[in-house]
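Trainee: Take a look and give me a structure for this.
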Amino acid sequence: MTREDRLFERARAIMQRRANGHYRPILRHLARRGHAHAMLELAGLFSQGNDPADLGVMSRAGTPAWLYRRVWVRGGPYACLAAQNLAMSRFNIGDLHGYRLWLRRAQMLGDNDSGLELDRFETRLPFGDARAIGRGRPWRRNER
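Mentor: The predicted structure is shown next:
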């Protein structure tokens, strides 16, 4: 186990309240050094409503999308997870082309669920809520 992996495990123990200390500086340090798992954890903190300034991030280079893309570019065991997270972030902002692109990239990295989602993907949905946002479609015969 490398020094960086031990440091990450320490940060994880602090996050789970099994140890004392501050985990954010450790995650920032590891993310700057290119530790993929730390970058994913740091990007996940953004989605929990934490202010990027509280995490010590003041530029575009620390946004979740930047961190996920950096993990994907570097490859390795966490690249598929980063591609999935990028796909979901694209979907959440309404960028369906980006959603399909990142699902396809996750599928190419070996994620079978992304391939199934691509096969089932529809830009128009039958639900009333989808119709309210302009993405509705008529009911099919087998859905009536």
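Trainee: how many other residues sit next to Asn85?
Mentor: 24 (other C-beta atoms under 10 Å). Placement of C-beta: from N, CA and C, glycine included.
Trainee: and what of Phe91?
Mentor: 15.
Trainee: Same check on Leu7?
Mentor: Counted with other C-beta under 10 Å, Leu7 comes out at 17.
Trainee: Pull the residues that contact the one helix or strand it maps to.
Mentor: Leu7 is located in helix 3-15, with elements delineated by DSSP states H and E. If you take C-beta atoms under 8 Å, 6 or more residues apart in numbering as the criterion, helix 3-15 is touched by 1, 19-23, 26-27, 29-30, 33, 35, 37-38, 41.
Trainee: and the next helix or strand after it, which residues are buried?
Mentor: Under the assignment DSSP H and E, the closest C-terminal helix or strand after helix 3-15 is helix 23-32. Of the residues in helix 23-32, Tyr23, Arg24, Ile26, Leu27, Arg28, Leu30, Ala31 count as buried by neighbour count, 16 or more other C-beta atoms under 10 Å.
Trainee: now swap in stretch 99-107 and tell me
Mentor: Tyr99, Arg100, Trp102, Leu103, Arg105, Ala106, Gln107.
Trainee: gap between it and the chain center?
Mentor: 12 Å (C-alpha atoms, centre = their mean, to the nearest Å).
Trainee: Give me the below-cutoff pLDDT ranges for this protein.
Mentor: 47, 49-62, 122-131, 133-140, 143-144 (pLDDT under 70).
Trainee: before we move on, the earlier item: out of the buried residues of stretch 99-107, who's nearest Ala65?
Mentor: Among the buried residues of stretch 99-107, Trp102 lies closest to Ala65 (C-beta to C-beta), at 10.3 Å.
Trainee: Ignoring the adjacent residues along the chain, who's closest to that closest one?
Mentor: Ala87 (3.6 Å; C-beta to C-beta, 6 or more residues apart in numbering).
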